[in-house]
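predicted model, plus sequence, below.
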Amino acid sequence: MEIDSVRVESSVWIGNKRYKALLSGWYFSWTEIDKRNRERKTISVPVSEVIGVKEGRVEIQTQKKVEDTDLDFTLFYVKRNGHGLSWSLGRTQFCCPSRGVRDQWTTQLRTALKTHSPSRPHRLLVFINPFGGKKRGKQIFHSLVAPLFELAGISSHVVVTERANQARDYILKKDLTGFNGVICVGGDGMFSELLHGVIGRTQQEAGVSEHDPTVMLQPCDLHIGVIPAGSTDCVCFATMGINDPVTSTLHIIIGDSQPLDVCSVHYQNTLVRYSVSMVGYGFYGDVLAESERHRWMGPLRYDYSGFMVYLCNRSYPGLVQYLPADSHISSPRDKTRCLSGCRVCSESKERLFPHFDSSSSLYSTNVSQCNSELEGEWVTIEGRFKCVSLTCMSSSCPRSPEGLSPSAHLADGTADLIMVRETNPLGFLTFLHRHTTKQDQFDLPFVEVHRVKAVRFSLPPGEAEEEEEEYEKQADREIQTSAERELEDPEKLFCGNIAGQSQQHLAGWKERGSETSRLKRQGFACVPCCTKPRSVSVWNCDGEILPHTEISCRVHGQLVRLFARGIETSTMQ
Ligand SMILES: CCCCCCCCCCCCC/C=C/[C@@H](O)[C@H](COP(=O)(O)O)NC(=O)CCCCCCCCCCCCCCC
Ligand SMILES: Nc1ncnc2c1ncn2[C@@H]1O[C@H](COP(=O)(O)OP(=O)(O)O)[C@@H](O)[C@H]1O
Ligand SMILES: [Ca+2]
């Protein structure tokens, strides 16, 4: 065996074939040597993608040694399947000329792993929602994820949730010393709990008020990992390009890091929620409100509710104001895609954090810096809309592989505002259908899209007053008793589903009795396609219904980081 400071090399055997194994720089490779000593095919694995090195011949499933010889070692690494987005565990068993050489290899490979992968997690906090999606969260974790963590030497503390918001509260309140990341096994709702916990805790520790819409929030160090086991799983799909628990687990193990923009939603000077995928009014709000009544259908509830709400053919008046992003940098119609190593996103880092000190990893929370992000001319648009949606990223998911806004970026500090004006049912169906094909859903005369830094939504003045009167009357007449019941415990009304509500915010609900009554009537008590015209919809914020109509949203560039690397272009191994 030859070892110098940059190279380790020796002969090894795989089965009955001889190979030259080489560890050089960032790569470990093995090249077949034929009987005439000529070099044949080489397989090369980046050290950063090695999952583990074990002495002996070890099986993948059981991790047991099938044969304990002194000459063998087994290498586990990331293997790309198909087009490269789906990852599985690769395994190769090497036989060395002597025990000394075998021990040298295991030592050298483990040292290289430590040097080249310093950001790997050692200890993780895992939250499983046993009721998400098809209710397979526990099974997915124990059969697919836990064995890989064990192989990689990662220890985990597992919490199977017993109620909504448990994961969020745990992150906000418990001692997290020693954890390098938090993982959710569930859907977008579960991710959202972790998101609120991690952002909230980071701001608490930094002494930053989350309620102030103009403040620069402190970026979060604790990484979030997502094992898809929900209904839409849009966060996972949009950051990995695939919903696959094993792929997600391998990205977590190797400590990949993908920054993500987050949108904060405020009502007056109170934080309502954070969003990473979609804040949608009109169609998407109605679909969500309707779908909550059909949770028993599992993921299909969205298709069923989508169909019912589509038949209602509603449109809503609204006043939308937005702060455009710099159109020289990128545009929602530039037909590009945000891929792994995206230039637009990496160049945004300097713009978003001009005072970032890389030596100490400190971000300056300078208020003037944040205000510069909020500078510019606001644009106002009034009209009747089928839907108004804001998305910080493409929001691609299996239902819409290109997403709500195919050219949106994961970490550029902007979101895309999509406004679909009132149109005939066929026009709206064309718009919806284009989400499922490669056709441009923005190339329709009633659709507008803008890349923005902030958005405000309000009801046109006349409408707002009329609505208010109508709701007051309705609230008094029709649902007084249920309104009283819900005021006693507003959280119960939504089945504990308003994750992220602060006490202050819940108090806000109690004050606005007529608004909660209205929501109940619209979202929960209303029969789909009811004959009464309704001119106010609800907001769908990453799968949660918001208790306010007039909201303002602001994008916080690269606020959190995921164990992911964005979508890779085809790279076959
Ligand atoms: C005709 C086919 C139309 C397909 C339209 C697809 C649009 C898909 C947009 C997807 C945006 C996803 C944004 C992510 C939202 C999630 O955060 C959030 C929570 O997810 P979770 O339950 O996993 O926790 N999910 C949602 O709010 C679900 C929104 C889903 C909307 C689906 C609408 C389906 C529409 C079917 C319409 C059928 C019309 C047929 C007329 C003949
Ligand atoms: N043990 C639990 N019981 C009830 N609700 C829960 C529990 N754990 C999490 N939740 C809530 O369930 C909601 C949906 O969960 P999620 O995992 O996103 O599944 P889905 O994608 O099917 O909606 C989330 O808003 C989350 O807060
Ligand atoms: Ca973005």
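Done, it's in. What you see is a predicted model; the values in this text were computed from it and never measured. Residues are numbered from 1 along each chain as shown. Ligands and ions are numbered 1, 2, ... in the order given.

any idea which residue is closest to the centre of the chain?
The residue at the geometric middle of the chain, judged as the C-alpha nearest the mean C-alpha position with CA atoms, centre = their mean, is Val235 (2.8 Å).

what does the pLDDT read for Trp509?
According to the model's per-residue confidence, Trp509 sits at a pLDDT of 36.

burial count for the residue nearest to Gln204 when sequence neighbours are not counted?
Spatial nearest neighbour of Gln204, excluding adjacent residues (CB to CB, 6 or more residues apart in numbering): Leu172 at 7.5 Å. All C-beta atoms are positioned from the backbone trio N, CA, C, and that covers glycine. Applying other CB atoms under 10 Å, we find 16 residues neighbouring Leu172.

give me the helix or strand of this protein that scores worst on average pLDDT.
Least confident helix or strand, the chain: helix 490-493 with a mean of 34, by mean pLDDT, DSSP states H and E.

related to what we said a few turns ago, ok, the residue nearest to Gln204 - contacts?
For Leu172, the contact set (CB atoms under 8 Å, 6 or more residues apart in numbering) comprises Gly197, Gly200, Arg201, Gln204.

three-state assignment of it?
Taken by DSSP: H, G, I helix; E, B strand; the rest coil, the conformation at Leu172 corresponds to helix.

quick one: stretch 92-112 to chain centroid distance?
Computed by CA atoms, centre = their mean, to the nearest Å, the separation of stretch 92-112 from the middle of its chain amounts to 39 Å.

so what touches it?
Judged by CB under 8 Å, 6+ apart, the contacts made with stretch 92-112 from elsewhere in the structure are 1, 3, 8, 10-14, 19, 21, 23, 28, 30, 43, 47, 50, 53, 55, 57-58, 69-75, 77.

narrow those to those that are buried.
Burial of these was assessed by neighbour count (16 or more other CB atoms under 10 Å); the buried members are 1, 8, 10, 12-13, 19, 21, 23, 28, 30, 47, 50, 53, 55, 57-58, 71-75, 77.

quick one: strands adjacent to the helix or strand containing Val158?
In this structure, Val158 is located in strand 155-160 according to DSSP states H and E. Using DSSP bridges, the strands paired with strand 155-160 are strand 123-128 (parallel).

quick check: Leu89 vs Leu124, distance?
Using CB to CB, to the nearest Å, one gets 18 Å for the distance from Leu89 to Leu124.

same question, Arg384
From Arg384 over to Leu124 the distance is 48 Å, taken as CB to CB.

same question, Ser389
When CB to CB is the yardstick, Ser389 and Leu124 sit 33 Å from each other.

the more surrounded of those two?
Ser389 (26 against 22).

which ones are touching whichever residue of the stretch 151-300 of the chain sits closest to ligand 2?
Residue of the stretch 151-300 of the chain nearest ligand 2, by CB to the nearest ligand atom: Gly187 (2.1 Å). With contacts taken as CB under 8 Å, 6+ apart, Gly187 has the following neighbours: Asn129, Gly132, Gly133, Pro228, Ala229, Gly230, Ser231, Thr232, Asp233, Gly543.

how about Val198?
Ile171, Val182, Cys220, Leu222, Ile224, Val560.

state whether His211 is indeed within a strand.
No: membership of His211 in a strand is not supported by three-state DSSP, which gives coil.

can I have the buried ones of the contacts of Leu172 as a PyMOL selection?
Buried residues among the contacts of Leu172 (16+ other CB under 10 Å), as a PyMOL selection:
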select buried, resi 197+200+201
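
and the contacts of Leu172, which of them are in helices?
Taking DSSP state H as the definition of helices, the contacts of Leu172 contribute Gly197, Gly200, Arg201, Gln204.

the second one is in contact with Glu210, isn't it?
Yes: Gly200 is within contact range of Glu210, at 6.6 Å (criterion: CB atoms under 8 Å).

by neighbour count, which of the contacts of Gly187 wins?
Within the contacts of Gly187, most neighbours by other CB under 10 Å means Pro228, with 31 neighbours.

list the residues that contact Gly306.
Remark: with contacts taken as CB under 8 Å, 6+ apart, Gly306 is in contact with Val287, Leu432.

my read is it is in a strand, agree?
No: if the criterion is three-state DSSP, then Gly306 is helix and not within a strand.

can we start the residue count at 603 from this point?
Fine by me, first position is 603 from now on; the one you just mentioned is Gly908.

what pLDDT is listed against it?
You'll see Gly908 listed with a pLDDT of 96.

with Thr671 instead?
Per-residue confidence (pLDDT) for Thr671: 78.

dump the C-alpha coordinates for stretch 891-903 into PDB.
What follows is stretch 891-903, C-alpha atoms only, in PDB (Å, rounded to 0.1, in the frame of the first residue of the first chain):
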ATOM      1  CA  ALA A 891     -61.200  24.900   3.500                       C
ATOM      2  CA  GLU A 892     -63.300  22.300   1.600                       C
ATOM      3  CA  SER A 893     -60.600  19.600   2.000                       C
ATOM      4  CA  GLU A 894     -60.500  19.800   5.700                       C
ATOM      5  CA  ARG A 895     -64.000  18.300   5.900                       C
ATOM      6  CA  HIS A 896     -62.700  15.300   3.900                       C
ATOM      7  CA  ARG A 897     -59.500  14.500   5.700                       C
ATOM      8  CA  TRP A 898     -60.500  10.900   5.900                       C
ATOM      9  CA  MET A 899     -59.900  10.600   2.100                       C
ATOM     10  CA  GLY A 900     -56.200  11.100   2.700                       C
ATOM     11  CA  PRO A 901     -54.200  12.800  -0.100                       C
ATOM     12  CA  LEU A 902     -57.200  12.400  -2.500                       C
ATOM     13  CA  ARG A 903     -59.100  15.000  -0.500                       C
END
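
element containing the closest residue to ligand 2 within the stretch 903-1052 of the chain, please.
At 8.7 Å from ligand 2, Arg903 is the closest residue in the stretch 903-1052 of the chain, using CB to the nearest ligand atom. For Arg903, the host element (DSSP H and E) is helix 903-914.

for that helix, which positions count as buried?
Those buried within helix 903-914 under the rule 16+ other CB under 10 Å are Arg903, Tyr904, Ser907, Gly908, Met910, Val911, Tyr912, Cys914.

find the closest residue to ligand 3 in the stretch 753-902 of the chain.
Asp863 (3.9 Å; CB to the ion).

quick check: that residue is in a strand.
Yes: the assignment for Asp863 is a strand, going by three-state DSSP.

burial count for it?
Under the neighbour criterion other CB under 10 Å, Asp863 is assigned a count of 26.

element containing the nearest residue in space to Ile983 that is not next to it in sequence?
With sequence-adjacent residues excluded and distances taken as CB to CB, 6+ apart, Ile983 is closest to Val922, at 4.9 Å. Here Val922, judged by DSSP H and E, is contained in strand 918-926.

which neighbouring elements make contact with that strand?
Secondary structure elements in contact with strand 918-926, counted by 3 or more CB pairs under 8 Å, 6 or more residues apart in numbering; DSSP states H and E, are strand 880-884, strand 981-993, strand 1017-1023, strand 1049-1060.
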